[in-house]
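Visitor: Sequence first, then the predicted structure, then my questions.
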Amino acid sequence: VTEERVDDNRLYRGLDQLLPHKEALEVHLKNRLGELFQLEYDLLLYDVTSTYFEGAADFPLAQRGYSRDQRSDCKQVCIGLVVSRCGMPLGYEVFAGNTADVTTVEDIVETMERRYGRSDRIWVMDRGMVSEDNIEFLREGGRRYIVGTPKSMLKKFEQEILKEDWHNIRDGLEVKIVPWPKSDDDDVSTAESDSSPERFILCRSQDRSKKEEGITQRFEKKIETALTRMKARCEKQARDPMKVEREIGRMLGKNSRAAKLFDVKVTKTDKNAARIEWSKVEVARDWATLSAGCYLLRTNVADWSDEELWKSYIQLTEAESAFRIHKSDLSIRPIWHTKEERVLAHIFVCFLAYVLWKTLAQLCDKAGLGSEPRRVLSELSDIRSMDVVLPTRSGVEIRTRCVSKPTDQQQILLEKLRLKLPSKIIQKKM
């Protein structure tokens with residue numbers, strides 16, 4: 001095939017040849033990168049995101065569901081990604097767009113264990129992945145975990161929050177290991193075995209507290225303003241109580257972060273018109289103030305300190321960062337393909353591009369350039385390849401492809417990264 005005949009359709013068909021090698025390439029890359037950078041895979045971070053389609057997407061994986069991109073009008077797929085503690089990807093799986101995060105855990109854990117073997121790894125997941133069935137699944141297999149918990153579980157630790165025995169691990173951040181309150185009768189399956197006791201880690205962040213307080217106050221003000229306006233309108237007009245209740249329900253739903261702070265009742269007047277009575281719930285307000293900035297972790301890792309457990313959990317930001325890079329720098333979204341195999345191949349190419357991104361990040365780190373490759377790529381992006389055409393007396397043109405000479409600053413970066421540019425590019429016929 002000549003170079004002139006290479007078009008989009010041929011490249012798309014090339015995707016079909018790449019996809020069958022997905023698993024073999026993931027295993028190869030994991031082993032090779034582990035050798036190059038002495039990576040450790042003792043801590044596996046798992047998270048899920050979604051990416052949406054533009055245009056027709058008529059196949060089973062393309063479904064409407066919770067969109068992280070605020071594009072509920074589009075079909076989507078969900079992507080579950082597993083990365084190491086430094087953010088190096090191990091593998092991923094694609095799920096239907098309407099898949100709940102919590103239902104993907106068993107599948108992804110078993111897939112990774114089948115691919116890389118079972119060893120003494122620790123799985124780290126956020127609260128969206130947590131259910132009692134998943135906790136039981138992890139424990140039955142002898143797996144270790146550090147997971148977030150639902151916000152509602154925090155209420156059971158109110159007395160622990162009030163105590164002053166916090167461990168300050170840095171400015172504005174406190175943690176402590178606490179037992180499950182034995183006086184509460186619940187169905188949380190805490191570990192009974194002495195070899196794998198389950199522990200809870202209370203965390204309190206000053207920055208997070210300020211943020212949550214600000215959000216709650218903003219929604220609280222919105223609700224108060226809306227209720228005052230609705231009440232005044234009901235006093236002036238005879239309104240249907242059922243209609244008013246629906247309006248209040250919609251309004252509280254839009255401001256759910258502060259809805260529990262209000263007690264709202266809609267009653268009828270002598271003329272069967274709506275009357276609104278509302279008040280603030282001080283107990284709920286006190287709890288919102290006390291729990292602001294607090295969150296709860298859950299683990300069966302028995303030999304780590306509270307600081308080590310928190311630092312491991314906070315590494316989930318590496319998985320979140322991976323998704324941001326996929327969606328911005330690597331342009332995984334939107335997806336325009338209409339065939340399922342091409343969609344899966346498109347996601348695989350983005351995954352491979354992210355492996356290259358993290359490889360460059362590791363090279364930058366080793367060279368003392370930080371772990372952010374974006375600036376290095378921006379600096380080196382001005383280097384160009386160009387065709388040099390030399391005419392001859394016989395009428396035959398000599399054509400060669402060369403690389404532009406780097407600037408002094410670019411040359412310093414290349415030397416630090418131990419990269420050498422070719423003087424010319426040898427073109428092979430396709």
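Guide: That came in fine, so what should we check first? Numbers count the residues shown, from 1 in each chain.
Visitor: tell me which residues of stretch 114-128 are tucked away?
Guide: By neighbour count on 16 or more other C-beta atoms under 10 Å, the buried set for stretch 114-128 is Tyr116, Arg121, Ile122, Trp123, Val124, Met125, Asp126, Arg127. No exception for glycine: its C-beta is placed from N, CA and C like everyone else's.
Visitor: Hmm, I typed the wrong one, I wanted stretch 23-39.
Guide: For stretch 23-39, by 16+ other C-beta under 10 Å, it's Leu25, Glu26, Leu29, Lys30, Leu33, Phe37, Leu39.
Visitor: Then stretch 198-211?
Guide: Using 16+ other C-beta under 10 Å as the test for burial, stretch 198-211 gives Glu198, Arg199, Phe200, Ile201, Leu202, Cys203, Arg204, Ser205, Arg208, Ser209.
Visitor: Stretch 299-319 too?
Guide: 299-301, 304, 306, 309-310, 312-313, 315-316, 318-319.
Visitor: Please state the offset of it from the chain centre?
Guide: Counting by C-alpha atoms, centre = their mean, to the nearest Å, stretch 299-319 is centred 17 Å from the centre of its parent chain.
Visitor: quick one: terminal-to-terminal distance for it?
Guide: 19 Å (C-alpha to C-alpha, to the nearest Å).
Visitor: List the contacts of it.
Guide: 43, 45-47, 81, 83-87, 122, 124-126, 138-139, 144-148, 167, 169, 175-177, 191, 195-201, 203, 297 (C-beta atoms under 8 Å, 6 or more residues apart in numbering).
Visitor: What segments of the stretch 1-150 of the chain are helices?
Guide: Counting by DSSP state H, counting those that start in this stretch, the segments of the stretch 1-150 of the chain that form helices are 8-18, 22-37, 105-116, 132-140.
Visitor: Of the ones you listed, which is nearest Val388?
Guide: Among the helices of the stretch 1-150 of the chain, helix 8-18 comes nearest to Val388, with 26.6 Å by C-beta to C-beta.
Visitor: starting at the chain centroid, how far to that closest one?
Guide: With C-alpha atoms, centre = their mean, you get 29 Å for helix 8-18.
Visitor: Now do the buried residues in that helix.
Guide: Leu15.
Visitor: Could you do stretch 87-100 as well?
Guide: Neighbour counts using 16+ other C-beta under 10 Å place Gly87, Met88, Pro89, Leu90, Gly91, Tyr92, Val94, Phe95, Gly97, Asn98, Thr99 of stretch 87-100 among the buried residues.
Visitor: wait, what's in contact with the first one?
Guide: Read it as Gly87. So Gly87 contacts Glu318, Ala319, Ser321, Ala322, Lys358, Ala361 (C-beta under 8 Å, 6+ apart).
Visitor: redo that, cut-off 6 Å
Guide: By C-beta atoms under 6 Å, 6 or more residues apart in numbering, the contact list for Gly87 reads Glu318, Lys358.
Visitor: what's the spacing between it and Leu61?
Guide: 26 Å (C-beta to C-beta, to the nearest Å).
Visitor: And the fourth one, by the same measure?
Guide: Computed as C-beta to C-beta, the Leu90 to Leu61 distance reads 22 Å.
Visitor: The buried residues of stretch 114-128 in strands, which ones?
Guide: Ile122, Trp123, Val124, Met125 (DSSP state E).
Visitor: and the top strand by length along the chain, average pLDDT?
Guide: Taking DSSP E as the criterion, the chain has its longest strand at strand 43-52. For strand 43-52, mean pLDDT rounds to 96.
Visitor: next one: stretch 340-353
Guide: 95.
Visitor: mind listing what's buried in that stretch?
Guide: Neighbour counts over stretch 340-353 (16+ other C-beta under 10 Å) mark Glu340, Arg342, Val343, Leu344, Ala345, His346, Ile347, Phe348, Cys350, Phe351, Leu352, Ala353 as buried.
Visitor: got the residue ranges for the helices in the stretch 251-400 of the chain?
Guide: For the stretch 251-400 of the chain, the helices defined by DSSP H, counting those that start in this stretch occupy 282-291, 306-314, 316-327, 340-366, 374-380.
Visitor: Take the buried residues of stretch 87-100 and write them to JSON lines, including distance to Ile276 and pLDDT.
Guide: Below are the buried residues of stretch 87-100 laid out as JSON lines (distance: C-beta to C-beta, whole Å; pLDDT from 0 to 100):
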{"residue": "Gly87", "distance to Ile276": "51", "pLDDT": "93"}
{"residue": "Met88", "distance to Ile276": "56", "pLDDT": "94"}
{"residue": "Pro89", "distance to Ile276": "53", "pLDDT": "95"}
{"residue": "Leu90", "distance to Ile276": "55", "pLDDT": "95"}
{"residue": "Gly91", "distance to Ile276": "55", "pLDDT": "96"}
{"residue": "Tyr92", "distance to Ile276": "50", "pLDDT": "97"}
{"residue": "Val94", "distance to Ile276": "49", "pLDDT": "97"}
{"residue": "Phe95", "distance to Ile276": "44", "pLDDT": "97"}
{"residue": "Gly97", "distance to Ile276": "40", "pLDDT": "96"}
{"residue": "Asn98", "distance to Ile276": "38", "pLDDT": "96"}
{"residue": "Thr99", "distance to Ile276": "41", "pLDDT": "96"}
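Visitor: Just the residues you listed: which are in strands?
Guide: Pro89, Leu90, Gly91, Tyr92, Val94, Phe95.
Visitor: The residue lying closest to Val244 once chain neighbours are set aside - how many residues pack around it?
Guide: Using C-beta to C-beta, 6 or more residues apart in numbering and skipping residues adjacent in sequence, the residue nearest Val244 is Ala274, 4.1 Å away. Other residues near Ala274 come to 24 when the count uses other C-beta atoms under 10 Å.
Visitor: and Ala274, how far is that from Glu224?
Guide: In terms of C-beta to C-beta, Ala274 sits 19 Å off from Glu224.
Visitor: How about His346?
Guide: Taken as C-beta to C-beta, the span from His346 to Glu224 is 48 Å.
Visitor: Find the least confident helix or strand in the protein, judged by mean pLDDT.
Guide: Sorted by mean pLDDT, DSSP states H and E, the helices and strands of the chain end with strand 424-425, the least confident at a mean of 73.
Visitor: And that one, what does it pack against?
Guide: strand 397-403 (3 or more C-beta pairs under 6 Å, 6 or more residues apart in numbering; DSSP states H and E).
Visitor: Give me the number of neighbouring residues for Ser279.
Guide: Around Ser279 there are 10 residues (other C-beta under 10 Å).
Visitor: likewise Ser404?
Guide: 12.
Visitor: Next up, the contacts around it.
Guide: Ser404 neighbours (C-beta under 6 Å, 6+ apart): Ile383, Arg384.
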